[in-house]
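[1] Mind looking at a prediction? Sequence and model below.
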Amino acid sequence: MEDSDNLKTQMKKLSLLVLGLAFACNTSQKTVSEVAKTQPVADPVPYAESITETELKEHLYTYASDEFEGRETGKPGQKKAVEYIKAHYESLNIPAAQSNGNYFQKVALQETKVPKGNVTFNNESFSLGEHAVAFSPAQGTFNEIVYAGFGIEDGDHNDYNGIDVSGKLVLIKAGEPQNTDGTYVISGDQEKSDWSNMSEAMGKKSTLALEKGAKGVLYFDSQNFPRFRGYFRFMESNNSGRMQLADDSNNDILIVLDEKAATTLFENIEKDHTPKTITANVNLSLTGSNDNIDSENVVALLKGTEKPEEYVVISSHLDHIGVTADGQINNGADDDGSGTVALLEIAQAFKQAAEEGKGPKRSIVFLHVTGEEKGLLGSKYYTDVEPVFPLKNTVANLNIDMIGRIDPKYEGSRNYLYLIGSDKLSTELHNLSEEVNKKYTNIEFDYTYNDENDPNRFYYRSDHYNFAKNNIPIIFYFNGTHADYHRPSDTPDKINYDLLENRSRLIFHTAWEIANRPNRLVVDKATE
């Protein structure tokens, strides 16, 4: 994703980098220099220098070649990808993380093909993909629905107060209530809450309705409807559908509506915020099929020398979006071939240090996850279903997703990288990250996408998020999108290998510091 130029490799020796920057919850931490005096560690520069343009390029020209067929989850190309990754760790003699010796962590998935059919609201029929979209089958006839307004239950505000949604369809709209002075009811000020977060709101509101017994949800979101419709049409044209963990599959109804469909159900939906039961004739006739998908994460482990039961997870996703309907291969060189090969080279650097008796004090988990393009599924499986190592012992996650290109903002100014999430849970991690960069790589960090109000919501869109939601400090390394994003033109010849080298070295140095500092990172901003 990102590009960096004039990247300078710093040749200074590194004593253990432990931040002495004071922050509210701990003002007694030792400074970097104090820690260096008491517990010096090896110079990581020679190991970082083993990460080279040449080897990154060699890996990527194979990994993002046509032979791998776009690495779509569960398809033959993805199987070639996991075998390639496994062979690399075997060649380095870095063992599998699982106790059974298998590098492959099986991730059971199920794909629901986009349904076909139509929905009828008050005698007006809407074909899927125009004014209404759904990603799973739905059947049924209803004579009334429950309008739950914004569908929020938070603090003193409860849209479900006095209404019964058991066994009924619930109509909900995007957004959240405001006071007459323009402030938001939930926050009490000018800041929107998570109930307005595009990446979370629909799922959060739908889950709440279903927990209250609703049969299904009709969700009105005029602003984001074009995005959902785009997903639907892409899946329809590629004969694919919504993929999810097999254990998460269910028959719950969720249909997204634009303004025309929503106002056909309830004419005054945009101005009326009061929950109520509405008489309406609704007929759902959406049919589809489910396919079981066989996929896997690849997980390797370099055991720590002093604190082996504490883990630093470095991750990237191994999948991409496969082949288009007309046969063009989406090679995904940047997304996320760049992150994958960076992780392979970082692993090699750590292994070289270990072979020279300078292995990391904490264990390093090299995690290549599947199904990111399908909804962060491989990382969700790792964190929510079957963590190979306890999450409570996981110190941090450094996630690499697109670090080989330059986005339009930085044309002519290459030495940059977007960082997302470094300060969300741990002030200490953020400060450590900044200091490591200044010491070794001098990349310009851009925190644009770290802003909670940024409409792209990248914080919620890559695999680090499944760690962050479990209060594990994370950094997401990202070069931004570009014209070749999710297109067949994302090919290895367009990667800036000098930038990929320096960015990979940055991540290695950051992981080295986290793994070798005396104390694990302090989480001073944990969420509930």
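    Arrived safely, thanks for sending. Numbers count the residues shown, from 1 in each chain.
[2] tell me what the helix or strand hosting Ile514 is packed against?
    Under the criterion of DSSP states H and E, Ile514 resides in helix 497-516. When contacts are defined as 3 or more Cβ pairs under 8 Å, 6 or more residues apart in numbering; DSSP states H and E, helix 497-516 sits against helix 45-48, helix 53-63, strand 307-317, helix 339-355, strand 362-369, strand 394-400, helix 427-440, strand 474-478. Every C-beta, even on glycine, is put in place using the N, C-alpha and C of the backbone.
[3] now do 7 Å
    Packing partners of helix 497-516 (3 or more Cβ pairs under 7 Å, 6 or more residues apart in numbering; DSSP states H and E): helix 45-48, helix 53-63, strand 307-317, helix 339-355, strand 362-369, strand 394-400, helix 427-440.
[4] Pull out the buried positions in that helix.
    497-516 (16 or more other Cβ atoms under 10 Å).
[5] Same question for stretch 108-122.
    109-115, 119, 121.
[6] residues in contact with Asp384?
    By Cβ atoms under 7 Å, 6 or more residues apart in numbering, the contact list for Asp384 reads Asn466.
[7] Tell me how far it lies from Asn466.
    7 Å (Cβ to Cβ, to the nearest Å).
[8] now swap in Phe366 and tell me
    From Phe366 to Asn466 the distance is 17 Å (Cβ to Cβ).
[9] In terms of neighbours, single out the busier of the two.
    Using other Cβ atoms under 10 Å as the criterion, Phe366 and Asn466 rank with Phe366 on top: 26 against 23.
[10] so the more buried one touches Leu343, yeah?
    Yes - judged on Cβ atoms under 7 Å, Phe366 makes contact with Leu343 at a distance of 6.0 Å.
[11] any shared contact partners between the two?
    Ile314.
[12] for this protein, what spans make up the helices?
    32-38, 45-48, 53-63, 76-92, 201-211, 225-237, 259-265, 339-355, 377-380, 427-440, 464-468, 497-516 (DSSP state H).
[13] can you give me how far the helix holding Ile514 is from the chain middle?
    20 Å (Cα atoms, centre = their mean, to the nearest Å).
[14] May I have it exported as CSV, CA atoms only?
    The C-alpha coordinates for helix 497-516 follow below in CSV (Å, rounded to 0.1, in the frame of the first residue of the first chain):
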residue,chain,number,x,y,z
TYR,A,497,11.2,-2.8,-3.3
ASP,A,498,13.4,-0.3,-1.6
LEU,A,499,10.4,0.9,0.3
LEU,A,500,9.3,-2.6,1.1
GLU,A,501,12.7,-3.3,2.4
ASN,A,502,12.9,-0.3,4.8
ARG,A,503,9.3,-0.7,6.0
SER,A,504,9.9,-4.4,6.7
ARG,A,505,13.0,-3.5,8.7
LEU,A,506,11.0,-1.0,10.7
ILE,A,507,8.5,-3.7,11.7
PHE,A,508,11.4,-6.1,12.6
HIS,A,509,13.0,-3.4,14.8
THR,A,510,9.6,-2.7,16.5
ALA,A,511,9.0,-6.3,17.1
TRP,A,512,12.5,-6.7,18.4
GLU,A,513,12.0,-4.0,21.0
ILE,A,514,8.7,-5.3,22.2
ALA,A,515,10.1,-8.8,22.5
ASN,A,516,13.2,-7.9,24.3
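[15] about what we covered before: need the helices and strands packed on helix 497-516 in a markdown table with distance to Leu376, can you?
    Output for the helices and strands packed on helix 497-516, formatted as a markdown table (distance: least, Cβ to Cβ, whole Å):
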| stretch | distance to Leu376 |
| --- | --- |
| helix 45-48 | 29 |
| helix 53-63 | 21 |
| strand 307-317 | 8 |
| helix 339-355 | 14 |
| strand 362-369 | 8 |
| strand 394-400 | 10 |
| helix 427-440 | 21 |
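[16] can you put the ones you listed in a markdown table and add distance to Val170 and mean pLDDT?
    Shown next, in a markdown table, are the helices and strands packed on helix 497-516 (distance: least, Cβ to Cβ, whole Å; pLDDT from 0 to 100):
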| stretch | distance to Val170 | mean pLDDT |
| --- | --- | --- |
| helix 45-48 | 54 | 98 |
| helix 53-63 | 45 | 98 |
| strand 307-317 | 34 | 98 |
| helix 339-355 | 39 | 98 |
| strand 362-369 | 33 | 98 |
| strand 394-400 | 35 | 98 |
| helix 427-440 | 40 | 98 |
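[17] Minimum distance to Tyr103: which of the ones you listed has it?
    With respect to Tyr103, and counting by Cβ to Cβ, the nearest of the helices and strands packed on helix 497-516 is strand 362-369 at 9.3 Å.
[18] Pro95 reaches Leu301, doesn't it?
    Yes - with contact defined as Cβ under 7 Å, Pro95 reaches Leu301; the gap is 6.1 Å.
[19] Using the record's assignment, carve this structure into domains.
    32-110+292-516, 115-287 (automatic domain parsing).
[20] Next up, the contacts around Ala515.
    304, 312, 360-362, 364.
[21] scratch that, Ala526 is what I was asking about
    Ala526 makes contacts with 425, 471, as judged by Cβ under 7 Å, 6+ apart.
[22] The helix holding Ile514 to strand 307-317, inter-axis angle?
    Angle of helix 497-516 versus strand 307-317, following axes from the mean of the first three to the mean of the last three Cα atoms, to 10 degrees, is 150 degrees.
[23] could you give the angle of helix 497-516 to helix 53-63?
    Going by the same axes, to 10 degrees, helix 497-516 makes 100 degrees with helix 53-63.
[24] quick one: average pLDDT of helix 497-516?
    Across helix 497-516, the average pLDDT comes to 98.
[25] Go through the helices of the chain and name the closest to Gln328.
    The nearest among those, by Cβ to Cβ, is helix 225-237 at 12.4 Å.
[26] low pLDDT regions in this protein?
    1-40 (pLDDT under 70).
[27] Show the backbone phi and psi for the residue most central in space within it.
    In the chain, the C-alpha nearest the mean C-alpha coordinate belongs to Ser462, at 1.6 Å (Cα atoms, centre = their mean). Main-chain dihedrals, Ser462, degrees, to the nearest 10: phi -140, psi 180.
[28] Neighbours of the residue nearest to it when sequence neighbours are not counted, how many?
    Nearest residue to Ser462, sequence neighbours excluded (Cβ to Cβ, 6 or more residues apart in numbering): Asp401, at 4.4 Å. Asp401 is flanked by 25 other residues according to other Cβ under 10 Å.
[29] Enumerate every residue touching Asp401.
    So Asp401 contacts 316-317, 336, 339, 462, 476, 478 (Cβ under 7 Å, 6+ apart).
[30] Let's see that with 8 Å instead.
    1, 316-317, 335-336, 339, 372, 462-463, 476-478 (Cβ atoms under 8 Å, 6 or more residues apart in numbering).
[31] Kindly report the same for Val313.
    365, 367, 394, 396-398, 467, 472.
[32] Can you lay out the residues you listed as CSV showing distance to Ser237?
    Shown next, in CSV, are the contacts of Val313 (distance: Cβ to Cβ, whole Å):
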residue, distance to Ser237
Val365, 37
Leu367, 32
Thr394, 39
Ala396, 40
Asn397, 34
Leu398, 36
Phe467, 33
Ile472, 37
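[33] Looking at the domains of the chain, which one is packed in the most?
    Mean neighbour count, computed with mean count of other Cβ atoms under 10 Å, is highest for domain 32-110+292-516 among the domains of the chain, reaching a mean of 21.
[34] Leu254 is in contact with Pro137, correct?
    No - judged on Cβ atoms under 8 Å, Pro137 makes no contact with Leu254 at a distance of 11.1 Å.
[35] that older thread, and the residue nearest to Ser462, its phi and psi?
    Here is the backbone geometry of Asp401 (degrees, to the nearest 10): phi -140, psi 90.
[36] end to end, how far does stretch 145-165 reach?
    Start and end residues of stretch 145-165 are separated by 9 Å (Cα to Cα, to the nearest Å).
[37] centre of the chain versus it, how much separation?
    30 Å.
[38] Please list the residues outside that stretch that contact it.
    168-177, 185-186, 193, 195, 205, 208-209, 212-214, 217-218, 265-266, 269, 272-278, 280, 282.
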